[in-house]
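Participant: Make a model of this:
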Amino acid sequence: MFNVVKILVQPFSLFIHNKDLILSMTKKDVIGRYRGSVLGIFWSFCTPLFMLGLYTFFFRFVFKAKWPDVGDTTADYAVMLFAGLVIHAMAADMIGRSAGVIVGNVNLVKKVVFPIAVLPWVTLLSSLFHLLVSMIVLIMFFLVSGGSIQWTLILFPIVILPMVFMFMGVAWFFAALGAYLRDIEQIMGTLITFLLFTSTVFFSIDHAPSAIKPILLLNPITQIINDLRNILVYGFLPDFSSLSIYFGFALVSFYLGYMFFQKVQKGFSDVL
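Facilitator: Below is the predicted model:
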């Protein structure tokens, strides 16, 4: 019984005991992305705006796409589209960077006293920072385009929490695997694209062909995208039943990823 409790608590105690180190490394990671650029950290706002404009232009004006159940204006379509894109962007950032997090920090990994398992925590917090910035951009655009903030938006942390646990486990897994198999980094781009086009980023699941709905629902970002649109645009409550099931699988991913990382981390120094 004691061993089970220890396993359940260990990932969180790792964070608590090293929170100052994690926060310091996260700050360094965020600032480091824009070091040397003219606009600096302001790029964290510019990039979501560029994504919003680019995808809206091509899907609204080139492909003539429309979004059912909302207004027929470009702004309405852009809000629904961008709500999906910000969730995918966080998932892409997490898994895209996790595979190289050990290889990219060889100097830290080879330090005997350094808690290597905190590196995916840094990746998570950095991704959450950029998600927050993207959400600010999305909400501002929503308000400027004539929308009104629904009270259900306060439930956003509850909606995003299962995804945080899910992809934290995935990050630990890919971080550990990437230390042994360098090819994993090359696969990440394909995986990110697969996540994008098998989710509901570009369309509503209610209007998707019934034959592909099971595939869409298996995508770990679909549920989160749907609930974000519900709480932001429609003012509906999240689907707590589906979210609870998702959270159960997310916890399994979280602990399996952490245990796998702990199991193989002793060999990192030998393969780097």
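
Participant: Could you look up the next helix or strand downstream of the helix or strand hosting residue 175?
Facilitator: Secondary structure from DSSP states H and E places residue 175 in helix 156-180. Where DSSP H and E defines the elements, the next helix or strand beyond helix 156-180 is helix 183-197.

Participant: How far does that next one sit from its chain's centre?
Facilitator: In terms of C-alpha atoms, centre = their mean, to the nearest Å, the centre of helix 183-197 is set 14 Å apart from its chain centre.

Participant: Any idea how far the helix or strand that it is followed by is from the middle of the chain?
Facilitator: The helix or strand immediately downstream of helix 183-197 is helix 213-218, counting by DSSP H and E. A distance of 19 Å separates the centroid of the chain from that of helix 213-218, by C-alpha atoms, centre = their mean.

Participant: Now do helix 213-218, average pLDDT.
Facilitator: For helix 213-218, mean pLDDT is 88.

Participant: That one: which residues count as buried?
Facilitator: Buried positions in helix 213-218, judged by neighbour count with 16 or more other C-beta atoms under 10 Å: 216, 217. For the C-beta atoms, the positions are set from N, CA and C on the backbone; glycine is no exception.

Participant: With only the CA atoms kept, save it in PDB.
Facilitator: Provided in PDB are the C-alpha atoms of helix 213-218 (Å, rounded to 0.1, in the frame of the first residue of the first chain):
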ATOM      1  CA  LYS A 213     -16.500  10.100 -35.600                       C
ATOM      2  CA  PRO A 214     -15.000   7.200 -33.600                       C
ATOM      3  CA  ILE A 215     -11.600   8.100 -35.100                       C
ATOM      4  CA  LEU A 216     -12.100  11.800 -34.200                       C
ATOM      5  CA  LEU A 217     -13.100  11.000 -30.700                       C
ATOM      6  CA  LEU A 218     -10.000   8.800 -30.200                       C
END
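
Participant: when you give positions from now on, start the count at 761
Facilitator: Happy to do that; since the first residue is 761 now, the last one works out to helix 973-978.

Participant: Against which helices or strands is it packed?
Facilitator: Packing contacts for helix 973-978, counted by 3 or more C-beta pairs under 8 Å, 6 or more residues apart in numbering; DSSP states H and E, involve no helix or strand.

Participant: With just CA atoms, put the helix or strand following that helix into CSV.
Facilitator: Sequence-wise, the next helix or strand downstream of helix 973-978 (DSSP H and E) is helix 982-989. C-alpha atoms of helix 982-989 as CSV (Å, rounded to 0.1, in the frame of the first residue of the first chain):
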residue,chain,number,x,y,z
THR,A,982,-10.9,16.5,-29.9
GLN,A,983,-12.7,16.5,-26.6
ILE,A,984,-10.8,19.5,-25.4
ILE,A,985,-11.4,21.5,-28.6
ASN,A,986,-15.2,20.7,-28.4
ASP,A,987,-15.4,21.8,-24.8
LEU,A,988,-13.4,25.0,-25.3
ARG,A,989,-15.8,26.0,-28.1
